[in-house]
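Q: A structural model of the following input is requested.
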Amino acid sequence: MIEMVNGYPCANCTDVSNAKRGLDPENPTRDPVKQEQLDIKAGRAPEPAVTFGESLAERIRAGEPTLRASPGAATLPPAAPLVDITV
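A: Model prediction:
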């Protein structure tokens, strides 16, 4: 039987205990990754912080890489080691 405690649906006594302490029974450890998955599943996913327009948005939808080296771009030499410890 599903019981509501402090606005949280609880299916067992552990869920009730967590809800009484103010913890979400679905995510009592407040894991942000799990919370994002729960929000997406429930349709509460936030809007993205950045949205792209015009040609960049078209590239992202098409799956193209967004950064490309131009044909005339200078290439950098390989990076030298910071510390040489050879004996």
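
Q: all contacts plus neighbour counts: C-alpha atoms, from now on.
A: Noted.

Q: which parts of this structure are helices?
A: 13-20, 32-42, 54-62 (DSSP state H).

Q: any idea which of those scores lowest on pLDDT?
A: Least confidently modelled of the helices of the chain is helix 54-62, at a mean of 68 by mean pLDDT.

Q: residues in contact with stretch 3-12?
A: 1-2, 16, 19-20, 22, 24-25 (C-alpha atoms under 8 Å, 6 or more residues apart in numbering).

Q: mind running it again at 7 Å?
A: Contact partners of stretch 3-12, identified using C-alpha atoms under 7 Å, 6 or more residues apart in numbering, comprise 1-2, 16, 19-20, 24-25.

Q: same list (those residues) but as JSON lines, adding distance to residue 32.
A: Shown next, in JSON lines, are those (distance: C-alpha to C-alpha, whole Å):
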{"residue": "1", "distance to residue 32": "28"}
{"residue": "2", "distance to residue 32": "25"}
{"residue": "16", "distance to residue 32": "22"}
{"residue": "19", "distance to residue 32": "18"}
{"residue": "20", "distance to residue 32": "21"}
{"residue": "24", "distance to residue 32": "12"}
{"residue": "25", "distance to residue 32": "14"}
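
Q: buried only: go through these for me.
A: Of the members of the contacts of stretch 3-12, the ones counted as buried by neighbours, 16 or more other C-alpha atoms under 10 Å, are 16, 19, 24-25.

Q: between those residues, which is closest to residue 50?
A: residue 24 (28.9 Å; C-alpha to C-alpha).

Q: residues contacting the closest one?
A: Applying C-alpha under 7 Å, 6+ apart, the residues near residue 24 are 8, 18.

Q: please tell me how far it sits from residue 49.
A: Per C-alpha to C-alpha, to the nearest Å, residue 24 is found 25 Å from residue 49.

Q: residue 11 too?
A: 35 Å.

Q: compare these two (neighbour count), which wins?
A: The neighbour comparison of residue 11 against residue 49 (other C-alpha atoms under 10 Å) goes to residue 11, with 13 against 5.

Q: so what pLDDT did the more buried one get?
A: 93.

Q: quick check on it: phi, psi?
A: With angles defined as degrees, to the nearest 10, residue 11 sits at phi -100, psi -20.
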